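> What follows is a predicted structure for the sequence shown.
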Amino acid sequence: MQQILNVLDFVKVYLDDILIHSENIDDHIQHYKIVLERLKNHNVKINFDKSKFIQYEVKYFGFIISNQGIKADIDKIDNIRNLHEPQNVKQLQKFLGFVNWFRDFLPDLSKILIPLTDKLKNNSKSFEWTKKDEIIRIKIFNLISKQVLLSHLDYTKKFELYSDVSDVGLSALLFQGNRLIATYSYKLLSAERNYTTVEKELLAIVKGIKHFKNMIWGYQITVYTDSKNLTYLDSPSNQRITHWKIALSKYDLTFIHVEESRNIAADYMSRFVNDNPSSHSLMIIESDMSKNLISIDDVIH
């Protein structure tokens, strides 16, 4: 299937599932005809009973994709809710595995999970699920129910990076205007928790830039930081900071200082809000290679 359709930049293929995405209805209909024509030429039949056409929101491999953006399929939370309170390390690992499915849509998740991930270090024989642990588990359910919406990339708009740090973790958010594009969170290692505030703030930027590399490489990024020291990266510094500065020099970055009270990342962590969606039309076709179903000719014309 990929060999048939991978030359089309408006098509995504996974096994026998086909996702067609377009900017508007007219383009969408043309894309739709092109795909069906190629499938016809390769004798591929379509299961139209399982197909959806001209959709503005579709569920696709655990995600909900719309003209506004992408988010995780909330139905997957049932897989977590059906799990009992973890009674041992193995059950906790299973719970955390389910939660990690929502990682991209939950800003600051790594820091929220720290009390639970720290329990993985303990001897399984001494495992105890406390009231505080259960409060965190319930909090995670609530966060998943109001997960953020990640907007579609728009390379005509500028990238903005905001970061937030604490004693135990850090986060980074990638925006285009007031549209959230991607999130990242990280649990600090024991040694990293001893870093100075400036080092932690720079580490958050380094980690965030590295995580978003595939999206931002070759583009100008404005980094907003509440640390005035980071706006003067040419000043003398220790070996660790020098190493990070060299790593960042590969990117086109502009640092701008903002007051701590106006740091969008810190504010966003608590509100989980997203606005100003972009437009995008979508269609899913599920193909069936083995059955002779409705003729593609009936649809093309």
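It's in. Residues are numbered from 1 along each chain as shown.
> Tell me how the protein divides into domains.
Annotated domains of the chain cover 2-67+279-300, 72-145, 159-271 [automatic domain parsing].
> any idea of the mean pLDDT in the second one?
When you say that, I think you mean domain 72-145. Domain 72-145 carries an average pLDDT of 86.
> likewise the last one?
Taken as a whole, domain 159-271 has an average pLDDT of 86.
> ok now it, how far from the chain's centre?
Mean-position distance between domain 159-271 and its chain equals 17 Å (Cα atoms, centre = their mean, to the nearest Å).
> same thing with the second one?
Chain-centre distance of domain 72-145: 18 Å, with Cα atoms, centre = their mean.
> what about that domain, start to end distance?
This stretch, domain 72-145, spans 10 Å end to end (Cα to Cα, to the nearest Å).
> Would you mind putting the CA coordinates of stretch 35-49 into PDB?
The C-alpha trace of stretch 35-49 is given here as PDB (Å, rounded to 0.1, in the frame of the first residue of the first chain):
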ATOM      1  CA  VAL A  35      -6.100   8.100  -4.500                       C
ATOM      2  CA  LEU A  36      -9.000   6.000  -5.800                       C
ATOM      3  CA  GLU A  37      -7.700   6.100  -9.300                       C
ATOM      4  CA  ARG A  38      -4.300   4.800  -8.100                       C
ATOM      5  CA  LEU A  39      -6.000   2.000  -6.000                       C
ATOM      6  CA  LYS A  40      -8.100   1.000  -9.000                       C
ATOM      7  CA  ASN A  41      -5.000   0.800 -11.200                       C
ATOM      8  CA  HIS A  42      -3.400  -1.600  -8.700                       C
ATOM      9  CA  ASN A  43      -6.600  -3.700  -8.300                       C
ATOM     10  CA  VAL A  44      -7.100  -2.600  -4.700                       C
ATOM     11  CA  LYS A  45     -10.700  -2.800  -3.400                       C
ATOM     12  CA  ILE A  46     -12.100  -0.500  -0.800                       C
ATOM     13  CA  ASN A  47     -14.200  -1.500   2.200                       C
ATOM     14  CA  PHE A  48     -16.600   1.500   2.000                       C
ATOM     15  CA  ASP A  49     -18.600   0.300   5.000                       C
END
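> Brilliant, that's me finished.
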